[in-house]
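In: would you be able to build a 3D model of this:
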Amino acid sequence: MYGPRPRFWTKRRRRMAQEPIQATVERLAQSSGGQILMSVKEGLRGSMKFYVGLFLLGFMISFPLTSEFIAWLVDDHRLPDGVEIIVISPVEFLFLQLRIAGYVGLTLVSLMIVYQVALHGLRHQAVQERLKELDVTLPKPGPRLLMAMLGSVVLLMVGAFYAWYGLIPLLLDYLTTDAQQAGLSTEWRLSNYAGFIVNLVSASAIGFQAPLITTLLLRSGAVSRDQFVASRRVIWFGAFVLGAFMSPPDPLSLFLVAMPIILLFEAAMAVDRFMRRSV
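Out: Model (predicted):
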């Protein structure tokens with residue numbers, strides 16, 4: 001009675017468990033979301049050679065320039081007093097060059113993917129059906145879309161300037177002074193220093209897109225104002241999570257990365273409320 005179950009029982013239960021899963025997979029594949037995923041898969045597979053070529057092109061063009069960029073980055077005028085940049089591995093400088101050139105190539109590929117999705121993806125029948133199901137209205141090509149693209153570029157530049165001229169010098173001086181007051185020598189590894197700069201600039205450039213993303217979601221109807229208000233704590237928490245991942249592990253860095261995102265989000269919400277009242 002309590003011995004092992006017959007083998008045919010196990011096979012039967014396994015077959016009964018597999019049938020609903022297969023039916024569910026087939027149903028999802030026939031849905032608009034499944035058709036979108038299949039179209040994306042086929043599109044990426046068909047354009048893979050082009051993406052590889054674009055990555056290699058960006059890599060080969062940028063790699064010879066990486067040494068000059070690194071030299072400019074570690075110039076004495078950009079470092080706090082008493083700080084020295086060291087290389088602790090014979091191939092560390094080469095690996096850093098490869099990383100920078102790889103980032104350039106990946107950026108070009110990412111921009112091309114976004115362009116192709118925006119150009120061809122929105123015309124896909126399954127995408128249009130899915131948008132109708134969600135009751136989302138996307139902006140049509142015109143002055144508003146152009147203004148949104150220009151606004152994204154402007155916000156990206158403002159975020160990069162904020163990081164480069166405000167956030168990074170303040171944090172470098174704070175971290176250096178803290179270490180020197182403890183009697184420690186301030187010698188920074190080249191790859192860690194470059195990663196520190198890139199992370200802060202990237203976090204600020206991405207975070208400063210918050211007002212544009214908020215406005216687009218509100219105007220398109222994808223997210224209502226009440227949903228944003230109800231999720232305010234989650235959005236604030238997400239801003240601090242981004243700051244924790246992209247900044248040094250100290251409260252000041254976390255605050256200086258997360259607070260601009262929160263303030264810009266709240267500013268976009270305030271502008272939207274004012275615009276709704278004025279209409």
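
In: ranges for the helices of the stretch 101-250 of the chain?
Out: 125-134, 143-162, 168-181, 190-207, 210-220, 225-230, 232-246 (DSSP state H, counting those that start in this stretch).

In: want to throw those helices into CSV with distance to residue 261?
Out: Heads up, the C-betas are built off the backbone N, CA and C, glycines and all. Output for the helices of the stretch 101-250 of the chain, formatted as CSV (distance: least, C-beta to C-beta, whole Å):
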stretch, distance to residue 261
helix 125-134, 26
helix 143-162, 10
helix 168-181, 17
helix 190-207, 4
helix 210-220, 5
helix 225-230, 14
helix 232-246, 4
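
In: to residue 97, which of those lies closest?
Out: Taking C-beta to C-beta, helix 190-207 is the member of the helices of the stretch 101-250 of the chain nearest to residue 97, at 10.3 Å.

In: dump the helices of the stretch 101-250 of the chain into a markdown table; add mean neighbour count as well.
Out: Formatted as a markdown table, the helices of the stretch 101-250 of the chain follow (neighbours: other C-beta atoms under 10 Å):
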| stretch | mean neighbour count |
| --- | --- |
| helix 125-134 | 14 |
| helix 143-162 | 14 |
| helix 168-181 | 15 |
| helix 190-207 | 18 |
| helix 210-220 | 18 |
| helix 225-230 | 12 |
| helix 232-246 | 15 |
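
In: for those, give me CSV that also has distance to residue 50 and mean pLDDT.
Out: CSV is the format used below for these (distance: least, C-beta to C-beta, whole Å; pLDDT from 0 to 100):
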stretch, distance to residue 50, mean pLDDT
helix 125-134, 22, 63
helix 143-162, 23, 86
helix 168-181, 36, 87
helix 190-207, 26, 88
helix 210-220, 29, 85
helix 225-230, 38, 87
helix 232-246, 31, 88
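
In: gap between residue 202 and residue 178?
Out: Noted for residue 202: a distance of 24 Å to residue 178, by C-beta to C-beta, to the nearest Å.

In: and the spatially most central residue of the chain, how far from residue 258?
Out: When the chain is reduced to its mean C-alpha position, the nearest residue by C-alpha atoms, centre = their mean turns out to be residue 206, at 6.4 Å. As for residue 206, its distance to residue 258 is 12 Å (criterion: C-beta to C-beta).

In: again with residue 90
Out: To residue 258, residue 90 is 38 Å away according to C-beta to C-beta.

In: and the two? Which one has more around it.
Out: residue 258 (23 against 7; other C-beta atoms under 10 Å).

In: looks to me like the more buried one is in a helix.
Out: Yes. Judged by DSSP: H, G, I helix; E, B strand; the rest coil, residue 258 forms part of a helix.

In: would you map out the domains in this protein?
Out: 26-135, 140-279 (automatic domain parsing).

In: quick check: neighbours shared by residue 206 and residue 258?
Out: residue 242 (C-beta atoms under 8 Å, 6 or more residues apart in numbering).

In: what sits against residue 269?
Out: Counted by C-beta under 8 Å, 6+ apart, residue 269 has contacts 214, 225, 228, 229.

In: repeat the analysis, applying 10 Å as the threshold.
Out: Contact analysis of residue 269 by C-beta atoms under 10 Å, 6 or more residues apart in numbering lists 211, 214, 215, 218, 225, 228, 229, 232, 235.

In: I figured the last one hits residue 262, correct?
Out: So the one you mean is residue 235. Yes. Using C-beta atoms under 10 Å, residue 235 is in contact with residue 262, at 7.7 Å.

In: need the overlap of contacts for these two.
Out: In contact with both residue 235 and residue 262: residue 210, using C-beta under 10 Å, 6+ apart.

In: what about residue 92, neighbour count?
Out: 14.

In: I meant residue 257, not that one.
Out: 26.

In: could you verify my assumption that it touches residue 170?
Out: No. Contact criterion C-beta under 10 Å: residue 257 and residue 170 do not qualify, at 11.6 Å.

In: if anything else comes up later, I'll come back, but that's it for now.
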